[in-house]
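# Sequence and predicted model, in that order:
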Amino acid sequence: MSERISDGILTGFDFHTDVDVRANFDVRVKEVLNNIGAVIDGKPHAARIILTSLLAEGHVLIEDVPGVGKTVLAKALATSINGTVRRIQFTADLLPSDITGVSVYNPTSSEFEFKHGAVFANVVIGDEINRASPKTQSALLEAMDERQVTVDGRTHQLPRPFTVIATQNPLDMEGTFALPEAQLDRFMVKISLGYPDTAAELEMLRDRNSINPLDQISAVVSADDVRTMIDVARSTHVSPEIEDYCVRIVQATRTDPSFRLGASPRATLQLVRAAKAYASISGRDFVLPDDVRDLVVPVLAHRLIVARHAREAHGSRDAAGSLLEAILTRLAAPTGL
């Protein structure tokens, strides 16, 4: 599935297999998005972004004020997958071993046995991740980047698919610790839900007065389905012009004086991977410039450190996003694709 649709014919496909895989992919995408939409009213873009990250084998950070549905969104995606799900409530007394696991001596066998921590699951929900100490937060670094955990010199592989969906409150709230730059860089996307509009909030009042919407949805894809969907998304075609466009955007953050720290090479890789998944969710087997533009802020903004003068000019909370939009405005997107 590496070629475009030309004159209505899918080139690069084995008609009897790949077309069926593509059709099944589209059905599964619709089912998952419908599940999330049934739980989170009026946030279709957030649903697409979180599914994009899953299919790009990335991780999601959801930052917003309490009560807007961060954990509910994470649970909605987790419930949609018939795989293993573990939730970690991050608190000040949480230990790294609670996340990664620990070796315990077994007197019967006279050997140490590894007891798996909460990170050994297909979907790990890290609730209020910035309420734990930086030492505990760092326990996720190896898992998120390499999909493995090393304890007492032994390496243990994590299951596939593996994704971390973490929530956090804004840093100006009491009892929170800033996530280190190394960990922020491991999150493929960062999103905010914001408050619902009037119609969505009224709908919420009517529908959820007596029921929990999470109780009304069930798994619609298996872990095997997700692995297949990941492979489909990965095979999406990216032209050299799109690759060049992504590199130019990232490099612009490194040379713009408004940023003290620009985006890393990891950010470039994740922007392309996310664009491939985003395009596949849209029913295409090739990436368009609009796919990249839609993802630039969610993928890059949390990785950047804005200079003080730029924060004062744009407002500290939205400065990175505003500056990225300015970069997109002045960089020419490829045409004729």
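Happy to help now that I have it.
# Quick check: which ranges of the stretch 51-200 of the chain have low pLDDT?
171-175 (pLDDT under 70).
# quick one: the strands in it?
60-63, 81-82, 85-89, 101-106, 111-116, 123-127, 148-151, 154-157, 163-168, 189-191 (DSSP state E, counting those that start in this stretch).
# Which strands or helices does the second one pack on?
Put plainly, it is strand 81-82. strand 221-222, helix 223-234 (3 or more CB pairs under 8 Å, 6 or more residues apart in numbering; DSSP states H and E). Every C-beta, even on glycine, is put in place using the N, C-alpha and C of the backbone.
# a markdown table please, covering the ones you listed and showing mean neighbour count.
Output for the helices and strands packed on strand 81-82, formatted as a markdown table (neighbours: other CB atoms under 10 Å):
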| stretch | mean neighbour count |
| --- | --- |
| strand 221-222 | 18 |
| helix 223-234 | 19 |
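# which one of the ones you listed lies closest to F177?
The minimum distance between F177 and those falls on helix 223-234, with 31.7 Å, by CB to CB.
# and the helix or strand just after that closest one, how far from the chain's centre?
For helix 223-234, the following helix or strand on the C-terminal side (DSSP states H and E) is helix 240-255. Put simply, helix 240-255 sits 21 Å off its chain's centre (CA atoms, centre = their mean, to the nearest Å).
# how about the following helix or strand past helix 240-255: buried residues?
Going down the chain from helix 240-255, the next helix or strand is strand 259-261, by DSSP H and E. By neighbour count on 16 or more other CB atoms under 10 Å, the buried set for strand 259-261 is F259.
# what angle sits between the next helix or strand after strand 259-261 and helix 240-255?
Later in the chain than strand 259-261, the nearest helix or strand by DSSP H and E is helix 265-281. Between helix 265-281 and helix 240-255, the angle comes out at 140 degrees (axes from the mean of the first three to the mean of the last three CA atoms, to 10 degrees).
# Give me the helices and strands touching helix 265-281, please.
Packed next to helix 265-281, using 3+ CB pairs under 8 Å, 6+ apart, are helix 44-55, helix 223-234, helix 240-255, helix 289-300.
# who wins for proximity to L328 among the ones you listed?
Among those, if distance is taken as CB to CB, the winner is helix 289-300, at 5.7 Å.
# what's the closest one in contact with?
With CB atoms under 8 Å, 6 or more residues apart in numbering as the contact definition, helix 289-300 has outside contacts at 49, 52, 188-191, 242, 245-246, 249-250, 253, 263, 267, 270-271, 274-275, 278-279, 282, 320-321, 324-325, 327-328, 333-334, 337.
# between it and helix 240-255, how big is the angle?
Using the same axes, to 10 degrees: helix 289-300 against helix 240-255 is 30 degrees.
# re earlier: ok, of the contacts of helix 289-300, which come out buried?
49, 52, 188-191, 242, 245-246, 249-250, 253, 263, 267, 270-271, 274-275, 278-279, 282, 320-321, 324, 327-328, 333-334.
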